[in-house]
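Enquirer: Quick one: sequence plus predicted model below, questions after.
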Amino acid sequence: MTTTIASPTDTHSDIESPEHAGWRHGTVAWFNAEKGFGFLTPDEDTTAVFVEYSSIETRGYRTLSAGQPVVFTVEHTPRGPHAARVRPYTRALGDPTTPNP
């Protein structure tokens, strides 16, 4: 049996900053709160990304609004790109990539 022990200097964390680990920036194209799904438009691509309420990482009621800026990760499925993790954020004036802490 082989056991792998993580180094104390290992900086990997389950919650990574949006600047790392494949996080992408975009906006909410539309989201139906009753049905719990919608689509995101990535800033660097024109391919819409499907999003479900269960992927939204926020406190309280998980919903999104059209035009709202978000950061997200993508899983590629047989049905197309699917948002795995979604975090709403506020863009600072003059910097479209600054996530809200």
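Expert: Cool, the structure landed.
Enquirer: from here on, contacts and neighbour counts on C-alpha atoms
Expert: Noted.
Enquirer: what about the helices in the protein?
Expert: Shown for the chain, no helices are assigned by DSSP state H.
Enquirer: What ranges in it fall below the confidence cut-off?
Expert: Along the chain, the parts satisfying pLDDT under 70 run over 1-21, 92-101.
Enquirer: Mind doing that once more with 90?
Expert: Across the chain, residues meeting the criterion (pLDDT under 90) sit at 1-22, 44-47, 60, 89-101.
Enquirer: Tell me who's in contact with the residue nearest to residue 88 when sequence neighbours are not counted.
Expert: Spatial nearest neighbour of residue 88, chain neighbours left out: residue 70 (4.3 Å); criterion: CA to CA, 6 or more residues apart in numbering. By CA atoms under 8 Å, 6 or more residues apart in numbering, the contact list for residue 70 reads 25-28, 86-89.
Enquirer: try 7 Å
Expert: Residue 70 sits next to 25-27, 86-89 when contact means CA atoms under 7 Å, 6 or more residues apart in numbering.
Enquirer: so can I have JSON lines of those residues showing neighbour count and distance to residue 36?
Expert: Listed next are the contacts of residue 70 as JSON lines, based on neighbours: other CA atoms under 10 Å; distance: CA to CA, whole Å:
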{"residue": "25", "neighbour count": "25", "distance to residue 36": "21"}
{"residue": "26", "neighbour count": "22", "distance to residue 36": "19"}
{"residue": "27", "neighbour count": "21", "distance to residue 36": "17"}
{"residue": "86", "neighbour count": "24", "distance to residue 36": "13"}
{"residue": "87", "neighbour count": "19", "distance to residue 36": "15"}
{"residue": "88", "neighbour count": "22", "distance to residue 36": "16"}
{"residue": "89", "neighbour count": "17", "distance to residue 36": "19"}
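Enquirer: now, which of these lie within strands?
Expert: Per DSSP state E, strands hold the following members of the contacts of residue 70: 25-27, 86-88.
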